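*Asks:* just need the structure, nothing else, for what follows:
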Amino acid sequence: MCCPTCGQLWAVDEWDKYQIQLAVKVADAEGWNASDEALRKEYLAQSCGENAAAKCMWNGCEKNQLIGSAYCVDHLYATGART
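*Replies:* Okay, the predicted model is just below:
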């Protein structure tokens, strides 16, 4: 998607009533579908917050759980959760 006013390119998620949709700035039209996994994990971690008192329940993981989850951001993201 291209902003008609300033020309900025955006990758906008397809609508899903069960997930938060993100709009991510894109540098060029050819690289629009590059992985934005790190950005999505950052959003997930910020929106949930970290529980420093509890470790992730994934076998062998030592990262902190996210609040409201038994998993760290990496393992929660791996389950398909985005919010």
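
*Asks:* remind me which residues of this protein are low pLDDT?
*Replies:* Scanning the chain for pLDDT under 70 picks out 31-35, 83.

*Asks:* what strand or helix carries the residue nearest the centre of the chain?
*Replies:* With distances taken as C-alpha atoms, centre = their mean, Arg40 lies nearest the centre of the chain, 1.8 Å away. Per DSSP states H and E: Arg40 is located in helix 37-48.

*Asks:* extract the CA atoms of that helix and return them as CSV.
*Replies:* What follows is helix 37-48, C-alpha atoms only, in CSV (Å, rounded to 0.1, in the frame of the first residue of the first chain):
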residue,chain,number,x,y,z
GLU,A,37,9.3,-11.3,12.6
ALA,A,38,11.6,-9.3,15.0
LEU,A,39,9.3,-6.3,14.8
ARG,A,40,6.2,-8.5,15.5
LYS,A,41,7.9,-10.2,18.5
GLU,A,42,8.9,-6.7,19.9
TYR,A,43,5.3,-5.6,19.6
LEU,A,44,4.1,-8.8,21.3
ALA,A,45,6.6,-8.4,24.2
GLN,A,46,5.7,-4.7,24.7
SER,A,47,1.9,-5.4,24.6
CYS,A,48,2.1,-8.2,27.1
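
*Asks:* helices or strands next to that helix in the packing?
*Replies:* strand 64-66, helix 73-78 (3 or more C-beta pairs under 8 Å, 6 or more residues apart in numbering; DSSP states H and E). (C-beta placed from N, C-alpha, C; glycine too.)

*Asks:* ok, and what's touching the first one?
*Replies:* With C-beta atoms under 8 Å, 6 or more residues apart in numbering as the test, strand 64-66 has contacts from 44-45, 48-52, 54-57, 71-73, 76.

*Asks:* go with 10 Å
*Replies:* 44-45, 47-58, 71-73, 75-77, 81 (C-beta atoms under 10 Å, 6 or more residues apart in numbering).
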